[in-house]
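1. Pasted the sequence and its predicted model underneath.
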Amino acid sequence: MRKVIFPIKQRDTGEEVANLQAVLKELIAREAISLDRDAASLKRGLASERRSKTYGDATAKIVSIFQEKHRIIARNRVNEVTAAAMNKLLEEWGLIPEPNDNPHPTPNPHPTPDPRPTPDPHPRPDPHPRPDPHPTPDPHPTP
């Protein structure tokens with residue numbers, strides 16, 4: 001299940017409509033939408049429209065019932081306010097990530113280099129050693 005997008009209206013078809021219908025089915029199952037009258041008929045219609053991924057009369061009626069319950073004016077179509085109200089419920093139920101969750105963070109194309117130098121696993125002696133300009137005196141000189 002994904003976030004509901006907008007706009008979606010009657011006679012639209014495709015994956016976003018099928019996702020909306022899956023969300024509507026979940027909202028009905030969790031009693032966020034009450035289908036008092038014609039419940040069996042609307043559920044059958046939604047199932048049929050879901051198979052064809054078509055926003056038909058049953059989908060429109062169920063969206064309208066959701067909008068009435070949430071006092072949203074946008075009859076028979078999913079607008080920004082309707083999608084936001086549905087997505088808020090899905091987020092609360094943990095069915096979709098919350099807006100600040102990012103399950104797939106964008107990789108950084110320019111990673112920050114590590115400031116520590118990587119030690120050479122096989123150090124080689126310097127072929128041209130230079131004398132130390134400030135040698136440390138030997139605390140125990142030999143006579």
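-> Here it is on my side, so go on. Numbering: from 1, shown residues only.
2. Gly8: neighbour count?
-> Small correction: residue 8 is Ile, not Gly. When neighbours are counted by other CB atoms under 10 Å, Ile8 registers 20. Placement of C-beta: from N, CA and C, glycine included.
3. show me where pLDDT drops low in the protein?
-> Scanning the chain for pLDDT under 70 picks out the ranges 98-123, 126-127, 129, 132-143.
4. where exactly do the helices run in it?
-> Along the chain, counting by DSSP state H, helices occupy 15-29, 39-52, 57-69, 80-92.
5. Same list (these) but as TSV, adding mean neighbour count and distance to Pro131.
-> Shown next, in TSV, are those (neighbours: other CB atoms under 10 Å; distance: least, CB to CB, whole Å):
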stretch	mean neighbour count	distance to Pro131
helix 15-29	19	75
helix 39-52	15	84
helix 57-69	19	85
helix 80-92	17	70
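6. Save those as a markdown table, and put in distance to Val4 too.
-> Conversion of the helices of the chain to a markdown table gives the following (distance: least, CB to CB, whole Å):
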| stretch | distance to Val4 |
| --- | --- |
| helix 15-29 | 6 |
| helix 39-52 | 14 |
| helix 57-69 | 10 |
| helix 80-92 | 4 |
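7. Any idea which of those gets closest to Pro125?
-> Closest of those to Pro125 is helix 80-92, at 62.9 Å (criterion: CB to CB).
8. Now do that closest one against helix 57-69, angle only.
-> Computed with axes from the mean of the first three to the mean of the last three CA atoms, to 10 degrees, the direction of helix 80-92 lies at 80 degrees from that of helix 57-69.
9. next one: stretch 84-103 to chain centre, how far?
-> The chain centroid and the centroid of stretch 84-103 are separated by 8 Å under CA atoms, centre = their mean, to the nearest Å.
10. Show me the contact partners of that stretch.
-> With CB atoms under 8 Å, 6 or more residues apart in numbering as the test, stretch 84-103 has contacts from 1-4, 23, 26-27, 30, 32, 66, 70, 72, 78.
11. So which residue is dead centre in this structure?
-> Nearest to the mean C-alpha position of the chain, counting by CA atoms, centre = their mean, stands Pro97 at 4.8 Å.
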